[in-house]
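**Student:** Need a 3D model of the sequence below.
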Amino acid sequence: MFFFLSLGVLDPQLNAINFDKLTLQSSVTEISTANPYNQLTWLALAALASLPVLRQPARLLRASSQVWPVLLLFAFCLLSATWSDYPEVSARRAFGLILPAYCLLASITYVDRAERAVRIVYLAFWAALLLNLAVFPLPAAFDEFGFFRGAAGNKNAIGSLAALAILFGISMRNCLNSTRSQVACVVYLVAWGGLLFLSVSKTSLALVLLVPPAFYALKALSHFLRLDLMLVIIGGSAFALVVFAIIHYGTGIAFFDVVHIFWPDASFTGRTPIWTFMLSETSNNWLVGTGFGSFWATGYNAPNLRSIYGYIQLINQAHHGYLDIFATLGIFGLVLLFIVFQQFSLTAERLRSRSPSLLQLVWFIVLFAFVHNLMESSLLMPFNSLWHMMLFAIFIAARAAAEDTRVWQR
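**Tutor:** Numbering: from 1, shown residues only. Below is the predicted model of the structure:
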């Protein structure tokens, strides 16, 4: 039920507003108002997830102890409401963050096998595929630019969903035994690939091609260096920054000219003005941020409405997940997020020999989210399907690592 709701199967977005027709008033009303139906739905799901918890609470406590960095990060999100200029909004959004995570953790904890949980998510992706194929003939399935948005509301949302579905399907193929299920998986991959292509979501298109070879390269390098994958990623990122700095300072080439060497559009499709504006607005709150969920979509006094750019006044994210966390939770929040990633990496390392296919699956998801948030925002986004998938990867890795039995040895 969780992923049928999270992936939009039970709540298709067929009345999406075209961006070129969006006004400031309609934007503020649309993105700032709480959704009682959504809240009641997740409260009902949380109540349902609590039934096995009431019978065996110790089991959930043990599972929680294995993912303690996530709980610490959530606690900090709640605490940040005390210094937020919008404490009610911040606290409400923090609870909106915690509620689905609780449902997911409880579901994974009390399912009989980790493998079953993975297969349920695969079925949810199948249901999402059938839904988006069903709405394909409708005019609402395409935006004003002719890009496919399906039942997800916009092209980037369906793009990230399709990319995740493809990465999930690639990993599932190693675990399907019958010829019929293998053929069905090929059909699934081709269909999702077609929807991804029609969405013209460039970030997701690039990542679906980049993530698998990047994982295998990182896995081989981590084995050679005898380090976990996250430490290899951090080391590689640091090396890339050093090279970037050498090019910049050694040649005197301006920053954006250096960027232009590697990427044709140095503004990243208009993102750099958003990032510059956010950094200037949050420079005085660099340690702990402005409070969780307190920068975008807080009403007519929202900080983004002070921008001179009309499109920044209309959006509700920085299109950079780490910058959004820095703005609202500061350096402290980013450090906690790093601890979450590092703990996941250490946990997943225990699957290397026991469950290599599951190791591939969870790292495909986390690598996708890790890079995707350089151009979009999904980290710590309540009710966001990519954030839920990342939590799934963290929780299922912890569950599988704690089990004595092997999961998907191929």
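**Student:** May I see the buried residues of stretch 42-59?
**Tutor:** Residues 42, 45, 46, 49, 52, 53 are the ones in stretch 42-59 that count as buried (16 or more other C-beta atoms under 10 Å). (C-beta placed from N, C-alpha, C; glycine too.)
**Student:** likewise stretch 370-378?
**Tutor:** Neighbour-count burial for stretch 370-378 flags 370, 371, 372, 373, 375, 376, 377, 378 (criterion: 16+ other C-beta under 10 Å).
**Student:** nearest residue to the fourth one other than its sequence neighbours?
**Tutor:** Computed as C-beta to C-beta, 6 or more residues apart in numbering, the closest residue to residue 373 that is not its neighbour in sequence is residue 321, at 2.9 Å.
**Student:** Just give me the neighbour total for the one you found.
**Tutor:** Close neighbours of residue 321, defined as other C-beta atoms under 10 Å, add up to 25.
**Student:** hang on, it packs against residue 378?
**Tutor:** Yes: the pair residue 321 / residue 378 is scored as a contact, 5.9 Å apart, by C-beta atoms under 8 Å.
**Student:** which SS class is residue 186?
**Tutor:** Here residue 186 takes the helix state, with states given by DSSP: H, G, I helix; E, B strand; the rest coil.
**Student:** for this protein, longest helix please?
**Tutor:** For the chain, the helix reaching the highest residue count under DSSP state H is reported as helix 321-349.
**Student:** what's the model's confidence in that helix, averaged?
**Tutor:** On average, the pLDDT along helix 321-349 is 94.
**Student:** Just want the angle from the next helix-or-strand element following that helix to helix 321-349.
**Tutor:** Where DSSP states H and E defines the elements, the next helix or strand beyond helix 321-349 is helix 356-372. Compare the direction of helix 356-372 with that of helix 321-349 by axes from the mean of the first three to the mean of the last three C-alpha atoms, to 10 degrees and you get 170 degrees.
**Student:** Which elements pack onto the helix or strand following helix 356-372?
**Tutor:** Proceeding N to C from helix 356-372, the next assigned helix or strand is helix 385-402, under DSSP H and E. Contacts defined by 3 or more C-beta pairs under 8 Å, 6 or more residues apart in numbering; DSSP states H and E place helix 385-402 against helix 2-6, helix 57-66, helix 87-110, helix 114-134, helix 155-172, helix 321-349, helix 356-372.
**Student:** list the buried ones in helix 385-402?
**Tutor:** Within helix 385-402, the residues that count as buried by 16+ other C-beta under 10 Å are 385-401.
**Student:** Could you export it as CSV, CA atoms only?
**Tutor:** Output in CSV follows, covering the C-alpha atoms of helix 385-402 (Å, rounded to 0.1, in the frame of the first residue of the first chain):
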residue,chain,number,x,y,z
SER,A,385,8.6,9.2,-4.2
LEU,A,386,12.4,9.5,-4.7
TRP,A,387,13.0,10.3,-1.0
HIS,A,388,10.8,7.3,-0.1
MET,A,389,12.8,5.1,-2.4
MET,A,390,16.0,6.2,-0.8
LEU,A,391,14.5,5.4,2.6
PHE,A,392,13.5,2.0,1.3
ALA,A,393,17.1,1.4,0.2
ILE,A,394,18.4,2.3,3.7
PHE,A,395,15.8,0.3,5.6
ILE,A,396,15.9,-2.8,3.4
ALA,A,397,19.7,-2.9,3.5
ALA,A,398,19.5,-2.8,7.3
ARG,A,399,16.9,-5.5,7.4
ALA,A,400,18.7,-7.8,5.0
ALA,A,401,22.1,-7.2,6.7
ALA,A,402,20.5,-8.2,10.1
